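Novice: only geometry, no sequence info:
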């Protein structure tokens, strides 16, 4: 049975919407029965160069990626927000699931309808997108390569960033020069341009965001929210906390001031206990969200020959423990109460471990999926996968008893959660490396999606064939 896709090589148009090239990938496995590629969209005009080019292939965590709108309550969890609207030429109600990320045009944040690829919003930003866009309590938070971190209030029926200006001038070969002109002289004074229309346009552009903050390095990773603040990492080893309403810097700390390196780790998680931050030197920090003070520091002591000791993956925060990995050789369960190491398992990871029903699943840097007992760290099963690079993505489809993992080249593997059997292998992407972890797609089709270094995304769904093990449960 061949892979099923809704793509047929056609180009979609929707009035003034951006045309998207729809690319079809073949099945890698002739036996594929259940893993189905549902949607894949990539803007027709590709960026001149990849978004990020720093760090080693093993430890690099792609910062910018496509992020689906979270639930109406906000927060960092990527859960869909359903929006229905009517069109005269379609059914009375249609499902809109906005997905935002780096567009094909330079200096632009693009928001699309995940299922159809229609352009919902195109927002100019100073620099290229280098954080995962996050929607929280009615606003979008975006960081860029030019050291800008901005809040855009959401607006319109789709709750996309509300910019307010016609964005047609921000695209094409002149976009970089235009953005440079608009962000020059941030205070609004001292400009050599005296044309009132230009000044009005410049003021209107600056009024597009609710507030913005600046840093002397690009912002990276996935912002976290808590206690009326937004927390975000920068590439110069800093963690900054900004007031959600004003954008004022509440505090900023250097995570490793003795190490003058660009930040490769984007490991940041907010929990009730505090901020869990991974560092390049293999340490796990617990910081006080109120002031950034260090509450606890733990060094993951991996194998003697480790080349990559960074804690690149976000920590898995459980009720009474936290599970962390370095990039190459070790995963540990830590007790925040006693500050003790409860177990150590000999494999590293660059993707956040996942938890289900008393077990922890690790997408190892050794190219295998490991299932260990969450309490004891005892190995329950290990499934090596035919990859030449570490796994960079992992998600659990509990109802289907399937774990999906992806390598950097976009190959997707389906492994049985219960026994570790390799069920299917899907084709690698032909548009470049996959970036970041899976995010949730349309809930009605149980999709999970991957973003790519070439701006775009591919979504997958597991549909068990009649008589299969997961269907017979």
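Specialist: Good, I have the coordinates. Since this is a predicted model, take the numbers as computed values, not measurements. Residues are numbered from 1 along each chain as shown.
Novice: remind me which residues of the stretch 1-150 of the chain are low pLDDT?
Specialist: 1-33, 43-63, 70-95 (pLDDT under 70).
Novice: again, 50 this time
Specialist: Within the stretch 1-150 of the chain, the stretches with pLDDT under 50 are 1-32, 46-62, 71-81.
Novice: so which bits of stretch 366-384 are buried?
Specialist: Across stretch 366-384, burial judged by 16 or more other C-beta atoms under 10 Å covers 366-372, 374, 377, 380-381, 383. C-beta coordinates here come from the backbone N, C-alpha and C atoms, glycine included.
Novice: let's see which of those residues end up in helices.
Specialist: Residues from the buried residues of stretch 366-384 lying in helices, with DSSP state H as the criterion: none.
Novice: from the residues you listed, which two are the most distant?
Specialist: Within the buried residues of stretch 366-384, two members stand farthest from each other by C-beta to C-beta: 367 and 374, at 22.6 Å.
Novice: before we move on, the earlier item: looking at the buried residues of stretch 366-384, which are in strands?
Specialist: Secondary structure assignment by DSSP state E places 368-372, 380-381, 383 of those in strands.
Novice: average pLDDT for stretch 415-424?
Specialist: What stretch 415-424 shows for mean pLDDT is 96.
Novice: swap that for stretch 458-465, sorry
Specialist: Averaging pLDDT along stretch 458-465 gives 83.
Novice: cool, and stretch 432-451?
Specialist: 84.
Novice: quote the end-to-end distance of that stretch.
Specialist: 10 Å (C-alpha to C-alpha, to the nearest Å).
Novice: over to stretch 342-353?
Specialist: End residues of stretch 342-353 are separated by 16 Å (C-alpha to C-alpha).
Novice: number the residues from 604 up from this point.
Specialist: OK, 604 is where the count begins now, so the last one is stretch 945-956.
Novice: mind listing what's buried in it?
Specialist: 945-946, 948, 950-956.
Novice: now stretch 1026-1041
Specialist: Those would be 1026-1032, 1034-1041, for stretch 1026-1041 by 16+ other C-beta under 10 Å.
Novice: closest to residue 782 out of the residues you listed?
Specialist: residue 1038 (23.2 Å).
Novice: name the residues linked to that closest one by a beta bridge.
Specialist: On DSSP bridges, the residues paired with residue 1038 through beta bridges are residue 1054.
Novice: wait, it sits on residue 1054?
Specialist: Yes: between residue 1038 and residue 1054 there is a contact under C-beta atoms under 8 Å: 5.4 Å.
Novice: about what we covered before: biggest separation within the buried residues of stretch 945-956, which pair?
Specialist: Longest span within these, C-beta to C-beta: 945 and 953, 22.5 Å.
Novice: surely residue 783 forms part of a helix?
Specialist: Yes: counting by DSSP: H, G, I helix; E, B strand; the rest coil, residue 783 is found in a helix.
Novice: distance check, it against residue 908.
Specialist: 46 Å (C-beta to C-beta, to the nearest Å).
Novice: between the two, who's got more neighbours?
Specialist: Using other C-beta atoms under 10 Å as the criterion, residue 783 and residue 908 rank with residue 783 on top: 13 against 7.
Novice: what sits against the more buried one?
Specialist: Shown in contact with residue 783 (C-beta atoms under 8 Å, 6 or more residues apart in numbering): no residues.
Novice: same check on residue 855?
Specialist: Neighbouring residues of residue 855 by C-beta under 8 Å, 6+ apart: 841-844, 895.
Novice: one more time with 10 Å, if that's ok
Specialist: Going by C-beta atoms under 10 Å, 6 or more residues apart in numbering, residue 855 touches 818, 837, 841-845, 895.
Novice: got the contact list for residue 876?
Specialist: Counting by C-beta under 10 Å, 6+ apart, residue 876 makes contact with 889, 891-892, 898-899, 920, 925, 939-940.
Novice: please disregard the earlier target; I meant residue 1062.
Specialist: 609, 639-644, 702, 717-718, 1041-1045, 1048, 1050-1053.
Novice: filter these down to the buried ones.
Specialist: 639-644, 702, 717-718, 1041-1045, 1050-1053.
Novice: among those residues, which ones are in strands?
Specialist: Mapping those onto strands (DSSP E) picks out 639-644, 702, 1041-1043, 1051-1053.
Novice: redo those residues as CSV? Include distance to residue 814.
Specialist: Output for these, formatted as CSV (distance: C-beta to C-beta, whole Å):
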residue, distance to residue 814
639, 43
640, 40
641, 37
642, 34
643, 35
644, 31
702, 24
1041, 31
1042, 26
1043, 29
1051, 33
1052, 30
1053, 32
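Novice: looking at the ones in strands among the buried residues of stretch 969-987, which is nearest residue 809?
Specialist: In terms of C-beta to C-beta, no member of those lies closer to residue 809 than residue 972, at 47.8 Å.
Novice: pLDDT score assigned to the closest residue to the closest one other than its chain neighbours?
Specialist: Spatially, and ignoring its direct neighbours in sequence, residue 972 is nearest to residue 986 (4.8 Å; C-beta to C-beta, 6 or more residues apart in numbering). The pLDDT attached to residue 986 in the predicted structure is 97.
Novice: could you do residue 791 as well?
Specialist: So, for residue 791, pLDDT stands at 44.
Novice: that's a strand at residue 1047, yeah?
Specialist: No: the assignment for residue 1047, made by three-state DSSP, is helix rather than a strand.
Novice: give me the number of residues near it?
Specialist: 12.
Novice: where's it relative to residue 641, distance?
Specialist: Here residue 1047 is placed at a distance of 11 Å from residue 641 (C-beta to C-beta).
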